[in-house]
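Engineer: any chance you could fold what I've pasted below:
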Amino acid sequence: MDVNQLLIQALGPILKNYWWLWLLLAILSFLKTPFMKGVFGEFQVNLIAKLRLDKEVYKLFKNVTLPTEDGGTTQIDHVIVSRFGVFVIETKNIKGWIFGSEHQKTWTQKIYRHTNKFQNPLHQNYKHTQTLQSALELTPDKLFSIVVFIGDSKFKTSMPDNVVYAGGYIRFIKSKQQQILTETEVAELCKKLEYGRLKPTIKTHVKHVKHVRNIVEEKQQKTENACPKCGRPMVLRKAKSGGNQGGQFWGCTGFPKCRTVRPV
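Structural biologist: Okay, here's the model as predicted:
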C-alpha cells in the first residue's frame, strides 16, 4: 500500500464527518480576499450614506464605471451629487498604521514588522475626478475628492481634510454648505451620470479589472527595464565595434549623458 492510499484511508473519515468545517474554512478564506474586503468597505460607505444623508438632497451612485480617453475604463466607488457639489469617493479597506502625505507618490502601510507600499489614493482618485469632470462637463470647483479608510487602520501622519475614516466623510460632505448647483443642474447631472456610465454588470467589472491589470503589468515592465543609474528606459542597441560587434545589448536612452549598458 503506497503513501497516497494510506493518506486517503486516514483522512477519509475526517473529510466525510467534518465536511462542514472545510466549507467554513473556505468561506472564511474567501471573505479575507482583497475583492471581498473591497465589497465590505463599499457596503459600509453605502450604509453610512443611507443612514446619515438625506436622499432627497444627496443622490448616491455606486460602482460607477466610465470610459476613458485612452480607450480603457475607470471605476469610481461612489459618487454623490447634490446642490453643494459632486463628491467623488475612493474607499480603502486597509488595516495597520498608515503613513503618507498629499503629494507623495506612494503611501506606506505598516502592520507590526511588515511594511507595504501602495499608490497614493488621492492620486488614484484624481483620475476618477478628471474623468467625471469631463463626462459631466463641470468646472473643477464643483467636484470634491474624498478618500475613506475602512477597517482597523490608524493615520500616523497628518492627513488632508479629505482623507478620513468611515464616519468622517459625512462630516466633510456636510461641511460644504454653499449651494453651487441648482436643482435643475443636479437632475441633469444625475441623468448624464446614469446614461453615461457603463452598465454595472459582472462583465463590466471583469473588463475593468483586466484593464487595470494590464496597466500594472506595463508599469512593472517599465520598472524592470529602467536604467539602474538614472531611471530612464533602456532600449536594445547593436554594438558597432569591439569584441561584441554586431551583438545586441541594453543601452540607456539617456546616452550620451548616461552610458549605462546591460547585456541581453
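
Engineer: quick one: low-confidence ranges for the stretch 51-200 of the chain?
Structural biologist: 199-200 (pLDDT under 70).

Engineer: can we see that at 80?
Structural biologist: Scanning the stretch 51-200 of the chain for pLDDT under 80 picks out 68-72, 167, 198-200.

Engineer: the helices in it, which residues?
Structural biologist: In the stretch 51-200 of the chain, the helices defined using DSSP state H, counting those that start in this stretch lie at 121-136, 168-175, 183-196.

Engineer: show me how the protein divides into domains.
Structural biologist: 1-32, 33-221, 228-263 (automatic domain parsing).

Engineer: mean neighbour count added to those domains, as TSV?
Structural biologist: All C-beta spots, glycine's among them, are computed from the backbone N, C-alpha and C. Below are those laid out as TSV (neighbours: other Cβ atoms under 10 Å):
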stretch	mean neighbour count
domain 1-32	10
domain 33-221	15
domain 228-263	12
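
Engineer: what is H114 paired to in the beta sheet?
Structural biologist: I111 (DSSP bridges).

Engineer: and K59, by the same measure?
Structural biologist: V81.

Engineer: quick one, what contacts it?
Structural biologist: For K59, the contact set (Cβ atoms under 8 Å, 6 or more residues apart in numbering) comprises I80, V81, S82, V186, C190.

Engineer: look up how far Q104 lies from P121.
Structural biologist: As for P121, its distance to Q104 is 11 Å (criterion: Cβ to Cβ, to the nearest Å).

Engineer: ignore the last one, N116
Structural biologist: 14 Å.

Engineer: try G254
Structural biologist: G254 is 25 Å from Q104, by Cβ to Cβ.

Engineer: one more: M159?
Structural biologist: 11 Å.

Engineer: do the same with L181
Structural biologist: 32 Å.

Engineer: re earlier: using TSV, lay out the contacts of K59 together with distance to G196.
Structural biologist: TSV is the format used below for the contacts of K59 (distance: Cβ to Cβ, whole Å):
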residue	distance to G196
I80	16
V81	13
S82	18
V186	15
C190	11
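
Engineer: between those, which is nearest R259?
Structural biologist: I80 (53.8 Å; Cβ to Cβ).

Engineer: ok, that closest one - contacts?
Structural biologist: Neighbouring residues of I80 by Cβ under 8 Å, 6+ apart: A49, L53, Y58, K59, L60, F61, V86, F87, I89, I173.

Engineer: report the contact partners of G251.
Structural biologist: Here G251 is in contact with M234, V235, L236, R237, T260, V261, R262 (Cβ under 8 Å, 6+ apart).

Engineer: closest one to E137 out of those residues, please.
Structural biologist: V235 (40.9 Å).

Engineer: and what about that closest one, helix, strand or coil?
Structural biologist: Put simply, V235 is strand when judged by DSSP: H, G, I helix; E, B strand; the rest coil.

Engineer: what separation do you get for the nearest residue to it once chain neighbours are set aside and P263?
Structural biologist: Nearest non-adjacent residue to V235, counting by Cβ to Cβ, 6 or more residues apart in numbering: T253, 5.7 Å away. Here the distance between T253 and P263 works out to 17 Å (Cβ to Cβ).

Engineer: likewise for S158?
Structural biologist: Taken as Cβ to Cβ, the span from S158 to P263 is 47 Å.

Engineer: do the same with T74
Structural biologist: Distance, T74 to P263, by Cβ to Cβ: 40 Å.

Engineer: what does H114 give?
Structural biologist: 35 Å.

Engineer: same question, G71
Structural biologist: G71 is 36 Å from P263, where distance means Cβ to Cβ.

Engineer: one more: A166?
Structural biologist: Distance, A166 to P263, using Cβ to Cβ: 52 Å.
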